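Q: Have a look at this fold, sequence not included:
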């Protein structure tokens, strides 16, 4: 069995697993047709890691191929497409043997492969080769795109075994109680639905009392409610006492497919996917068949915008419908497809190509549920007018949208944030459609990350020789090679308030649109806020394994991405995170909170203390409990260990700190919890305390030979030394040797410690005075000797994609150690990702980009998409309209604002009083805020000051030179209680 390169496939392994990857590593795949769709499929399949891929094409490169075939260029005109594509395809993945077959398809060739994919093929070939593959056990896939439409078909044989239908972790639930009966009834805790369905099979673990359940099964269940189900006869079992987890046992299933010649006639096999076009997929099924008949007769596709050809195609569809008997035949869709059938569009190919490649992976691995059996996709609502090619690389696109639109695309100025997996796919699509490829056009891409080996499996613009180089620079260079007309600049800036001097008012106002290829919610929300502020559209998309989503944000038409959604921490009670976790999500959130508190918030607080004389007084105003935590962290970070603090002077100090943290969190805190609530503890009602969602924990004993134990110390010590600017080492043996010298203080639980069982108790305790301790801390922090020799600290921003920075090492080790405390199954450190989902999502995002560039200002022309390629789940729906709010009886949305030019007629800056008299409000301003700062609430003396002077005075800070726009929030006398108001966007003179 071939060994899997875990460095290259790390993200994909978490999606597919080792067994599925080994099965893929034995599969030989044939992909016929090397136009735009064929190369998309080949790229994704090669990256996925099958044994071999053979690309077949008898045709030669023409101008229209350059519209979508990103591995061909002008030097390949007139040469065989498969042969010319081979060098670039081979360089994608050294573990996959890639070959080209420039000859015709025949049955002898097909017998060499386990999976055959046809693109750009005739219906006769599809039937002939489809029947042959079906009878010989070869998995058969047909993929096709024509202009604005796409088609996908799968036939995996008579008895195809699916080993894992959805790829999800088996569902599990905590047990509240079990009734000993026939049948036995299991009640799960009410904080989460069990997620099982009738006929599911489950196993039990950790059940106390009725231990027979732990050793028997799996048990078939019958669902009684979202929190209860019944199993077999357990009336003779022992009495249930407490605890236990019930876990789904996944079962394989067998699916039977029809050959294409039979499936053509079965409308039950058509998969619906767009709620805006309920019946259109049925019409498209007939239209693609009619299109093949048209080509067979005319030896060409219908001409662009030819009414006679459209009528002829419609006649063929009507004839087919005499058999199909569709109640609603969408004749407009038939004509639209005819008008654009000669088109070849990169976004459509990217989407269908991603889906088709995922079906190849399913066919090779037995992982995930295959498409059964037809899927259609269209964007016919975007059909424009004049359509005539000019003999250029964009002819495939001009055949759909026309030359005037192509010229407009070339003039676009776009900002792409992120050059990772989605960013690479978007840049490829931008290059193919010619976005920003004209004299006045430009694409700016920024990404602060550098290329790692694990990126190569799905970020296809990068090669092994690029490891260690800037993602944005390499990606820009790669797409410039695809389309030399591209105007593109690469930056290495993080998008946050600190980079606003680069991405300032003038930068955003010069853009036509923004694309977010980001991997965290906070960055997306920040970028969304900038787009709303400057009234710019934003494309947003994301993936997680086989799942993906896209969102288009269009000024005045759709809702925005919105402010940063609060993390799962907000949904999880604090007492659960602190003392009573029972799911891996709880331990992961706890670990993330630890990271933020130790390595980001505390260093930031120290730096604010060192530069801001009012920091202590301001912190005291936040409440005693918070002030005690913040100021205590500041003091201990500035005082070295010898004086009772925690500031290290050497890396050995950092190791000692990390080892003591381990002891505190995973031993001492648990001992204290068990001292307050022993395993046999009962509530005031006489019920077991440790039952239901409360899992009784066990303390851990540190073992330097335990990988996870040492992982925590190595990561924590290195992160701690980074924030303090101390030199260190990554060598685990050296750190283990230091650990031998560390003396860990003994711990004795205290009866005086109170452990909060509910959030209400926690909040109540916060209100209690801690004045004495705070006064003591305040006196310590007032010492001038504390600030004078102090050096600033170096806060760390969490970055999950860098495998060398210890961030994920810390999170996973801390989470899994806490999970071990509470007997919760551990988490994997890898974020799941796969190239197929990325390609599909980027195709949909690029489609929204085209719609915006075409000045389509109708919300029903855009789509929000949710897809799961594992289970052929595709939901396309119209985006939500922006929410309205009222101020003094007038309706507004988040896109509405009051834009005020701060320069008066006499060229002087307006005063605060002038701002309040601005005629566009038609309302009386009675209050004004700038972020948390209150600029005006009745202070008459400020009305004669300039707006910028008031801002400087109140915030006690200068306005940065790059800041050209201030976002001010007014309060209006006519509606002072309004929770939402339009912002005043004040342009500084």
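A: Yep, that arrived. Every value quoted in this text rests on a predicted model; they were computed, and no experiment measured them. Numbering: from 1, shown residues only.

Q: any idea how far residue 749 is from residue 669?
A: In this view, residue 749 and residue 669 are 10 Å apart by CB to CB, to the nearest Å. C-beta: built from backbone N, CA, C; applies to glycine.

Q: Please say which of those two ends up with more neighbours.
A: When residue 749 is set against residue 669 and neighbours are counted by other CB atoms under 10 Å, the residue ahead is residue 669, at 20 against 14.

Q: Now that one: which helix or strand?
A: Here residue 669 sits within helix 669-676, counting by DSSP states H and E.

Q: Other residues contacting that helix?
A: Residues from elsewhere that reach helix 669-676 (CB atoms under 8 Å, 6 or more residues apart in numbering): 579, 696-700, 747, 749-751, 753-755, 821.

Q: centre of the chain versus that helix, how much separation?
A: How far helix 669-676 lies from its chain's middle: 38 Å, per CA atoms, centre = their mean, to the nearest Å.

Q: same check, this time on stretch 155-167
A: Using CA atoms, centre = their mean, the offset of stretch 155-167 from its chain centre is 27 Å.

Q: Check stretch 897-904 too.
A: For stretch 897-904, the distance to the chain centre is 37 Å (CA atoms, centre = their mean).

Q: And it, what's buried?
A: Buried positions in stretch 897-904, judged by neighbour count with 16 or more other CB atoms under 10 Å: 897, 898, 900, 902.

Q: What values do phi and psi take at the third one?
A: What that stands for is residue 900. Per-residue torsions, residue 900: phi -120, psi 120 (degrees, to the nearest 10).

Q: for the first one, same thing?
A: With angles defined as degrees, to the nearest 10, residue 897 shows backbone torsions of phi -150, psi 170.

Q: pretty sure it contacts residue 982?
A: Yes. Here residue 897 reaches residue 982: they are 5.0 Å apart, a contact under CB atoms under 8 Å.

Q: Just the helices from the stretch 851-989 of the chain, written as ranges.
A: In the stretch 851-989 of the chain, the helices defined using DSSP state H, counting those that start in this stretch lie at 912-916, 947-955.

Q: right, so of these, which gets closest to residue 152?
A: Smallest distance to residue 152 across the helices of the stretch 851-989 of the chain (CB to CB): 56.6 Å, for helix 947-955.

Q: on contacts alone, who are the packing partners of the closest one?
A: Applying 3 or more CB pairs under 8 Å, 6 or more residues apart in numbering; DSSP states H and E, we find helix 947-955 packed against helix 912-916, strand 925-930, strand 933-936, strand 965-972.

Q: you'd agree residue 552 is in a strand?
A: Yes. Assessed with DSSP: H, G, I helix; E, B strand; the rest coil, residue 552 lies in a strand.

Q: Mind telling me what element the spatially closest residue to it that is not a sequence neighbour is part of?
A: In space, and not counting its chain neighbours, residue 552 is closest to residue 848: 4.0 Å by CB to CB, 6 or more residues apart in numbering. Element membership for residue 848 (DSSP H and E) is helix 835-853.

Q: on contacts alone, who are the packing partners of that helix?
A: So helix 835-853, by 3+ CB pairs under 8 Å, 6+ apart, packs with helix 36-48, helix 346-365, helix 403-410, helix 421-433, strand 513-516, strand 538-544, strand 547-553, strand 864-868.

Q: centre of the chain versus the third one, how much separation?
A: Going back to what we said before, that points to helix 403-410. The gap between where helix 403-410 is centred and where its chain is centred comes out at 31 Å by CA atoms, centre = their mean.

Q: What are the buried residues along it?
A: Buried residues in helix 403-410 (16+ other CB under 10 Å): 403, 405, 406, 408, 409, 410.

Q: which residues are in contact with stretch 195-209?
A: Contacts of stretch 195-209 (CB under 8 Å, 6+ apart): 171, 173, 175, 178, 213-214, 217-223, 229, 231, 238-249, 251, 823.
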